[in-house]
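Asks: okay, predicted coordinates and the sequence, questions at the end:
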Amino acid sequence: MESQNYVDNPSHTSIYDVNTIANYDEGIIPLLDAPQGAVFERTAAGEWIRVDSDGDKH
């Protein structure tokens, strides 16, 4: 997870339409039904796992 200091730098973030991202990576489509504020990380194997905002994995 990125630090707040990293995210606060506008050159490190961008806004994209969700359809654009889904066209690049269909793996996010099942995540779209997650509750607002849910946090996910991608494992080294390419699977998405849900984590707490403090980084604890579920």
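Replies: Arrived safely, thanks for sending.
Asks: chain neighbours aside, what residue packs nearest to E41?
Replies: Ranked by Cβ to Cβ, 6 or more residues apart in numbering and with sequence neighbours excluded, the top spatial neighbour of E41 is V51, at 5.3 Å. Backbone N, C-alpha and C define where each C-beta goes, glycine included.
Asks: show me the beta-bridge partners of that neighbour.
Replies: Taking DSSP bridges, one obtains V39, K57 as the residues bridged to V51.
Asks: against N9, how distant is it?
Replies: 22 Å (Cβ to Cβ, to the nearest Å).
Asks: tell me which of those two has more neighbours.
Replies: V51 (15 against 9; other Cβ atoms under 10 Å).
Asks: distance of that one from F40?
Replies: Following Cβ to Cβ, the distance that separates V51 from F40 is 7 Å.
Asks: where do the strands sit along the chain?
Replies: Assigned by DSSP state E, the chain shows strands spanning 39-42, 48-51.
Asks: which parts of stretch 27-40 are buried?
Replies: By 16 or more other Cβ atoms under 10 Å, stretch 27-40 has no buried positions at all.
Asks: low-confidence ranges in the chain?
Replies: Within the chain, the ranges that satisfy pLDDT under 70 run 54-58.
Asks: quick one: the helices in it, in order.
Replies: Under the criterion DSSP state H, the chain contains helices at 4-7, 18-24.
Asks: make JSON lines from these and add mean neighbour count and distance to E47 to it.
Replies: Compiled in JSON lines, these are given as follows (neighbours: other Cβ atoms under 10 Å; distance: least, Cβ to Cβ, whole Å):
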{"stretch": "helix 4-7", "mean neighbour count": "9", "distance to E47": "24"}
{"stretch": "helix 18-24", "mean neighbour count": "10", "distance to E47": "17"}
